Every structure is written in structure tokens, then in C-alpha cells.
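> predicted model and sequence follow; I will ask about them next.
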Protein chains: 2
Amino acid sequence: MNQEQLIVTMALQAWETQIKRADQLFNALTDEQLLQEIAPGKNRVIYLIGHLAAVHDAMNTILGLGDRQYPLYDEIFLKSPDKAVAAPSVHEVRAAWHEVNKTLAERFATVSPSDWFKRHTRMTDEDFAKEPYRNKLSVLLNRTSHVAYHLGQGVLVKNR
Amino acid sequence: MNQEQLIVTMALQAWETQIKRADQLFNALTDEQLLQEIAPGKNRVIYLIGHLAAVHDAMNTILGLGDRQYPLYDEIFLKSPDKAVAAPSVHEVRAAWHEVNKTLAERFATVSPSDWFKRHTRMTDEDFAKEPYRNKLSVLLNRTSHVAYHLGQGVLVKNR
């Protein structure tokens, strides 16, 4: 394993670890718990899951992996706060979460190690020449912390 | 910048981003807010900060950077749940958080890019030969997500 493969393996493992933990949490929570707020007056768990699904779905575009599956989720789970617009059912949001991550995993497997070090679609060639660390892999690292951030919130409805 | 330097820069930036966000949050919260629970019956913010300080302080040992500064925090913020034992004052915990991260930043600056790819002190040479991605850099990636996890919780006491 050369160093390029090694670092991509590390970053993908860090991502998969957070996805797996989130999976375990969301699977352990009942539909009723998903409709509970993480703290009084704060987002419900279903909103966090839809929000994560929307952000992960958008990674397809940013990383140039292919078409998105849930573009309508942006309006509900990114541009609107929780409860402002009607959300899809718990069943549907659970399915979207799984579907989006399954597709990403399949597409990640087709990205070569060296491709992770190339620019993502939100960077111009000019900016990328100046800041080569703002590559596809940096998007993955950033989104990994983003899952962890909301995982720390979702876990609060457990054992309540 | 070669690829080794590039990836270390990326990982350190991801770490610094989370530390900066946590700094901004903790500085914005009053001493009273630090004594509030993140959700009813859950940890207080002061416990999260002490917990993060203890985990970060322990990175000195795991990464072979030098002596720890707050070994006594393990008993209070790692081995005991919140409120089980008397915690240091808010003032003291705030100072520990800053001190630990300042020391880590200084010591990180002395680690060469290639050193980040070496084994950490909790891995044997034998295990490391089999799993070379379990290196010092993987500890940094893991702890970055850990900050994000608790940051997502601490933010819940804001604008309450």
C-alpha cells in the first residue's frame, strides 16, 4: 500500500466509522423517538437525518460522482428550519438516509486514490493552484466531522 | 508541497477548524451557561469541556509528544459521569481547555510530516505492520470528529 492509498483508506475509514455509528443510533431509535426534539425547542431527530441525507446527497455534485437522488431535500432540510415545511414520513427519511449513503459508498469505491487529491467542483483551477489542500479528500474529512456533530445531538434522545 | 505535507496540512486544518469553533462557542457562553445541562438530565457544558481537555491532554502520551498537563482530569471527566465527583471551577476548566490545546498546537508544530505516518504508542510494531493506517494521523482524524461530536451538543445551550 503506497502512501496515497494509505491516506485515502484512513479518510474513508474515518467516514465509514461515523456512518456506521449513525446507522446504529438511528436503527436503535423508534419512529416516535425520531419525532422527538434533541433538546426542548431544538431540531427533531428526523430533521437531523434528513439534513444529513441532503448534505451527503449533495456530495455527489461537489465530488463529481454523478446525479443526486434527493435534490428536493435541500428545500426541506437545508434551506428551511425544522417544522417550517411539511417533512416526508419517518419511513421515507430513513430510506433516503440509507439510499444516499449506499450510493456514495458504491461511487467512492470507483474513485482512484489520486483522484481524491484533485479539486472538487466548487473550486476553480486558479484557486486550487493556490490552495491544493482544498481537494475532494478535504470535503470528505469535513463531512465526516459534520456527521459526528449531529450524531452527538441525535444520541441525546436515547435512554431519555 | 509534496503529498505527505499536503495531507498533514489538511488533517491539521480539519483539527484546527473544530478547535476554533469550540473556542468560539465556549467563549460565547457565560459561566452560568457552562453549568447548564445540554438537555434535561444530560451532561453539563463544563463536563464536556473538561472531558475534551482530558482527551486532548491524553493525546500527548498516545502521540509521544511529551508529558501530560492534567492527568487528574481523567478521574473526573473520563472515568466518572458528570456530577459524580466534585469538578474544578468553571474558571479552571476554561483555563485547562486553552492550555491543553495551546500545548498540543506547539508540539504538533514540531512533528515532521513523515512522523505523522508512524505508529502511535498504543500500537505494537506487529499490529502496525498489519494495519499501517492506524498511525498518529488516524488518532488526529478520530479526535477531530470527537470534538465535533461534543460541539454539536454544547451548541444546544446557546440561544436557549
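That came through, no problem. Residues are numbered from 1 along each chain as shown, chains lettered A, B, ... in the order given.

> check which helix or strand covers the residue nearest to the spatial centre of chain A.
In chain A, the residue lying closest to the centroid (Cα atoms, centre = their mean) is A:His56, at 3.4 Å. Using DSSP states H and E, A:His56 sits within helix A:45-62.

> which helices and strands sit right next to that helix?
The contact analysis (3 or more Cβ pairs under 8 Å, 6 or more residues apart in numbering or on different chains; DSSP states H and E) places helix A:45-62 against helix A:3-28, helix A:31-34, helix A:73-77, helix A:90-108, helix A:136-154. All C-beta spots, glycine's among them, are computed from the backbone N, C-alpha and C.

> ok, now with 6 Å
Secondary-structure packing of helix A:45-62 (3 or more Cβ pairs under 6 Å, 6 or more residues apart in numbering or on different chains; DSSP states H and E): helix A:73-77, helix A:90-108, helix A:136-154.

> tell me the buried residues in it?
Under the neighbour-count criterion of 16 or more other Cβ atoms under 10 Å in any protein chain shown, helix A:45-62 has A:45-60 buried.

> ok, those vs A:Gly152, which is closest?
The nearest member of the buried residues of helix A:45-62 to A:Gly152, counting by Cβ to Cβ, is A:Leu48 at 10.3 Å.

> any idea of the mean pLDDT for stretch A:112-125?
The average pLDDT for stretch A:112-125 rounds to 94.

> so A:Leu65, which of the three states?
Under DSSP: H, G, I helix; E, B strand; the rest coil, the three-state class of A:Leu65 is coil.

> export stretch A:35-52 to PDB, keeping only CA atoms.
Output of stretch A:35-52 as PDB, limited to C-alpha atoms (Å, rounded to 0.1, in the frame of the first residue of the first chain):
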ATOM      1  CA  LEU A  35     -40.100  12.700  16.100                       C
ATOM      2  CA  GLN A  36     -38.700  14.000  19.400                       C
ATOM      3  CA  GLU A  37     -36.600  17.100  19.800                       C
ATOM      4  CA  ILE A  38     -33.000  16.600  20.700                       C
ATOM      5  CA  ALA A  39     -33.500  19.200  23.400                       C
ATOM      6  CA  PRO A  40     -36.500  21.400  24.200                       C
ATOM      7  CA  GLY A  41     -37.200  23.700  21.300                       C
ATOM      8  CA  LYS A  42     -34.400  22.300  19.100                       C
ATOM      9  CA  ASN A  43     -34.400  20.100  16.000                       C
ATOM     10  CA  ARG A  44     -36.200  16.800  15.900                       C
ATOM     11  CA  VAL A  45     -34.000  13.700  15.100                       C
ATOM     12  CA  ILE A  46     -35.900  13.200  11.800                       C
ATOM     13  CA  TYR A  47     -34.700  16.600  10.700                       C
ATOM     14  CA  LEU A  48     -31.100  15.700  11.500                       C
ATOM     15  CA  ILE A  49     -31.400  12.600   9.400                       C
ATOM     16  CA  GLY A  50     -33.000  14.400   6.500                       C
ATOM     17  CA  HIS A  51     -30.400  17.100   6.800                       C
ATOM     18  CA  LEU A  52     -27.500  14.600   6.800                       C
END
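
> returning to what we had before: look up the closest residue to the residue nearest to the centre of chain A, ignoring the ones flanking it.
In this structure, A:His56 finds its nearest non-sequential neighbour in A:Val100, 4.8 Å apart by Cβ to Cβ, 6 or more residues apart in numbering or on different chains.

> repeat that for A:Met10.
B:Tyr133 (4.6 Å).

> tell me how many other residues crowd the one you found.
A total of 19 residues lie near B:Tyr133 under the criterion other Cβ atoms under 10 Å in any protein chain shown.

> so what's it up against?
A:6, A:9-10 (Cβ atoms under 6 Å, 6 or more residues apart in numbering or on different chains).

> from those residues, which is closest to B:Ala22?
Using Cβ to Cβ, the contacts of B:Tyr133 come closest to B:Ala22 at A:Met10, 22.9 Å.

> count of neighbours near A:Ser112?
A:Ser112: 11 surrounding residues under other Cβ under 10 Å.

> what are the phi and psi angles of it?
Here is the backbone geometry of A:Ser112 (degrees, to the nearest 10): phi -80, psi 150.

> make sure the residue nearest to the centre of chain A is actually in contact with A:His98.
No. In this structure, A:His56 is not within contact of A:His98 by Cβ atoms under 6 Å, at 10.9 Å.

> is there proximity between the lowest-mean-pLDDT helix or strand in chain A and chain B?
Within chain A, no helix or strand scores below helix A:125-130, which has a mean of 93 by mean pLDDT, DSSP states H and E. No. Contact of helix A:125-130 with chain B (Cβ under 6 Å from any Cβ of the partner chain) is absent, the minimum separation being 11.3 Å.

> residues of chain A that sit close to chain B?
Within reach of chain B by Cβ under 6 Å from any Cβ, chain A has these residues: A:6-7, A:9-10, A:14, A:39, A:42, A:133, A:138, A:141, A:144-145, A:148-150, A:152-153, A:156.

> ok, A:Arg134 - contacts?
Contact analysis of A:Arg134 by Cβ under 6 Å, 6+ apart lists A:Met123.
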